[in-house]
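Visitor: turn this into a model:
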Amino acid sequence: MRAPFPFTLRTSLRPGDLGTIVHLHGDLYSREYGFDASFEAYVAGPLSELALRGSSRERLWIAERDGKFLGCVAIVDASDDIAQLRFYLVVPEARGSGIGRRLLEEAVAFARDEGYVSIFLWTVGALEAAAHLYRAAGFVKVEEVPGAPWGVPVVEEKYVLHFAGEEIV
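Guide: Numbering: from 1, shown residues only. Model prediction:
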């Protein structure tokens, strides 16, 4: 891990934030994993819905330094008891700096404080560094689904973190 460098986290949206998140997901996942443009739509629709709902039980974090976008993550309400972790991304130049871990810690703490019983997320098998962070935070892989939803073969993976002893997936 690189030496930590200062960054700020914010939860209030500014003009351009949603476009930046969609653009970075599309650009990075295309360059790094070969995803096609349909991945941007997969991100854009639910991200827009999150922003429009404005629910106090949902939150989007943006990490930045000197006004430059470094990463993001969100907790989205899946049901009264279950949260979904979404839109988790750290730009390449900030990877290894602790930003990803901090974003994940903030999201998990928020979900716990909001009274969710569990959090789930979907990722793809190629995202090994993210999977390492998920496991370190207590998430367990519960499902794998092979497919090619964004133009290239992937194995989608579902991870779950339970706060209580109940098995809710």
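Visitor: which helix or strand contains residue 85?
Guide: Applying DSSP states H and E as the criterion places residue 85 in strand 82-90.
Visitor: just checking, next helix/strand downstream of that strand?
Guide: Later in the chain than strand 82-90, the nearest helix or strand by DSSP H and E is helix 99-113.
Visitor: what angle sits between that following helix and strand 82-90?
Guide: 170 degrees (axes from the mean of the first three to the mean of the last three Cα atoms, to 10 degrees).
Visitor: and helix 99-113, which residues are buried?
Guide: Of the residues in helix 99-113, 99-100, 102-104, 106-108, 110-111 count as buried by neighbour count, 16 or more other Cβ atoms under 10 Å. Backbone N, C-alpha and C define where each C-beta goes, glycine included.
Visitor: which among those gets closest to residue 33?
Guide: Residue 33 lies nearest to residue 100 out of these, by Cβ to Cβ, at 16.9 Å.
Visitor: list the contacts for the residue most central in space within the chain?
Guide: With distances taken as Cα atoms, centre = their mean, residue 88 lies nearest the centre of the chain, 2.2 Å away. For residue 88, the contact set (Cβ atoms under 8 Å, 6 or more residues apart in numbering) comprises 71-74, 100, 103-104, 107, 121, 130.
Visitor: noted, bye for now.
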